[in-house]
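J.: Sharing a sequence plus its predicted fold:
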Amino acid sequence: MPEQWDYRAIIKSRSKGSPQVPSENIAQTTDERFPVLENYLIYTLCRIADEQKFKVVKNKDGDFAIANTGLATHFQKEIYALFYPTRTPQVEQKWTLHSFVEESERKLRGAKADLASYYTDSADLIYDTRLELEYDIDHIITDNRRRVPAKFRDDEGLLVNALHGAIDRAKKRVKRNYKTAIPQFHLGKIQLLLPLCLSDDRQADLALVINKEGEGYYGSTALSLADAYNNARLIARPDEEWLEPRDVEVENGKRSFRREGSR
């Protein structure tokens, strides 16, 4: 399923809301048409700010700043976020988002900006099937009881057996296809995600979060598929073997955008 993104539409949706980026308040004024794009841009710009990769350009016609969104047009032209100095006295933030533009935009005057980075060793993105995977079943249940299919919520024995079985199947699955393990960026580090199929082996219900610890892997919690997709999308578009854009849903009428460390 393709991601329905239009980099020009996102800025139009902000005409009645706060255009300040990055900001926790953006989550209160988002346009529900592009949930994946909204989340991706918010956290990508936050990461760029953390890495101090905003490129400030001094110009006689007026200073501006740019950030590389990591996105591209159909013709593979990079898309930049363009910022101008904030002119509202009540706003402390120095730069205000003006628009999203192609790298060839004349007003950029040839300026370039670096991509956000999330890892230093590409080996961290691949699940090493030689290592053992341990997990905390009690913690997984405590964190995710409300997310599992209804038939498991009130039957702990059934849920425990289903989780053990789902994890065993996920381990076999990743041995057959390394793409089954999807990397995500969270809490400042790379983690891996595996599908937990509780009722139907063709459909994941949750994503098991795996950390590399010493000489093995450890899983202590799981995520909804929506959170898993949003976290994974920061690094790259996930392979659609089990995690797709349609998994990003609006729950109870609103989305929750969480900054690193808030989960």
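T.: The structure has been received and is ready for your questions. Worth saying up front: this structure is predicted, and the values here are computed from it rather than measured.
J.: Using the three-state scheme, assign the residue in the chain sticking out farthest from the centre.
T.: Using Cα atoms, centre = their mean, the residue of the chain lying farthest from its centre is residue 60. It sits 37.5 Å away. Assigned state for residue 60: coil (three-state reduction, DSSP: H, G, I helix; E, B strand; the rest coil).
J.: quick one, what contacts it?
T.: Residue 60 makes no contacts at all, as judged by Cβ atoms under 8 Å, 6 or more residues apart in numbering. From N, CA and C alone the C-beta is placed, and that goes for glycine too.
J.: Whichever strand or helix holds residue 210 pairs with which strands?
T.: Taking DSSP states H and E as the definition, residue 210 sits inside strand 206-213. With DSSP bridges as the test, strand 206-213 is paired with strand 189-196 (antiparallel), strand 216-223 (antiparallel).
J.: how about the ones you listed, which one is nearest residue 152?
T.: Closest to residue 152 of the strands paired with strand 206-213, according to Cβ to Cβ: strand 189-196, at 11.2 Å.
J.: List the buried residues for the closest one?
T.: Along strand 189-196, these residues count as buried under the neighbour rule (16 or more other Cβ atoms under 10 Å): 190, 191, 192, 193, 194, 195, 196.
J.: roughly how far is it from the heart of the chain?
T.: Centroid displacement of strand 189-196 relative to its chain, using Cα atoms, centre = their mean, to the nearest Å, is 12 Å.
J.: on that earlier part again, will you turn the strands paired with strand 206-213 into CSV that also has mean pLDDT and distance to residue 157?
T.: As requested, those are arranged in CSV below (pLDDT from 0 to 100; distance: least, Cβ to Cβ, whole Å):
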stretch, mean pLDDT, distance to residue 157
strand 189-196, 97, 17
strand 216-223, 95, 19
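J.: can you list these in CSV and add distance to residue 122?
T.: CSV is the format used below for the strands paired with strand 206-213 (distance: least, Cβ to Cβ, whole Å):
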stretch, distance to residue 122
strand 189-196, 10
strand 216-223, 17
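J.: Nearest to residue 100, out of these?
T.: strand 189-196 (27.2 Å).
J.: can you pull out the helices in the protein?
T.: Under the criterion DSSP state H, the chain contains helices at 7-12, 35-50, 137-144, 150-153, 156-176, 225-233.
J.: what's the longest one in contact with?
T.: To tie it back to what came earlier, the one meant is helix 156-176. The list of residues contacting helix 156-176 from outside it, by Cβ under 8 Å, 6+ apart, reads 127, 129, 133, 135, 137, 140-141, 145, 148, 151-153, 180-181, 194-199, 201, 205, 208, 219.
J.: Just the buried ones from the residues you listed?
T.: 127, 133, 135, 140-141, 148, 152, 180-181, 194-198, 205, 208, 219.
J.: ok so, going back, roughly how far apart are the residue farthest from the centre of the chain and residue 103?
T.: Residue 60 sits 22 Å away from residue 103, going by Cβ to Cβ, to the nearest Å.
J.: do residue 175 as well
T.: 41 Å.
J.: Comparing these two, which shows the higher neighbour count?
T.: residue 103 (18 against 11; other Cβ atoms under 10 Å).
J.: hang on, that one packs against residue 82?
T.: No: the pair residue 103 and residue 82 does not pass the contact test of Cβ atoms under 8 Å, sitting 10.9 Å apart.
J.: Give me the below-cutoff pLDDT ranges for the stretch 151-263 of the chain.
T.: In the predicted model, the stretch 151-263 of the chain carries pLDDT under 70 at residues 249-263.
J.: hmm, back to that, residue 75: which of the strands paired with strand 206-213 is closest?
T.: The minimum distance between residue 75 and the strands paired with strand 206-213 falls on strand 189-196, with 30.6 Å, by Cβ to Cβ.
J.: Now render the helices of the chain as a markdown table, adding distance to residue 119.
T.: Below are the helices of the chain laid out as a markdown table (distance: least, Cβ to Cβ, whole Å):
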| stretch | distance to residue 119 |
| --- | --- |
| helix 7-12 | 25 |
| helix 35-50 | 12 |
| helix 137-144 | 25 |
| helix 150-153 | 34 |
| helix 156-176 | 19 |
| helix 225-233 | 13 |
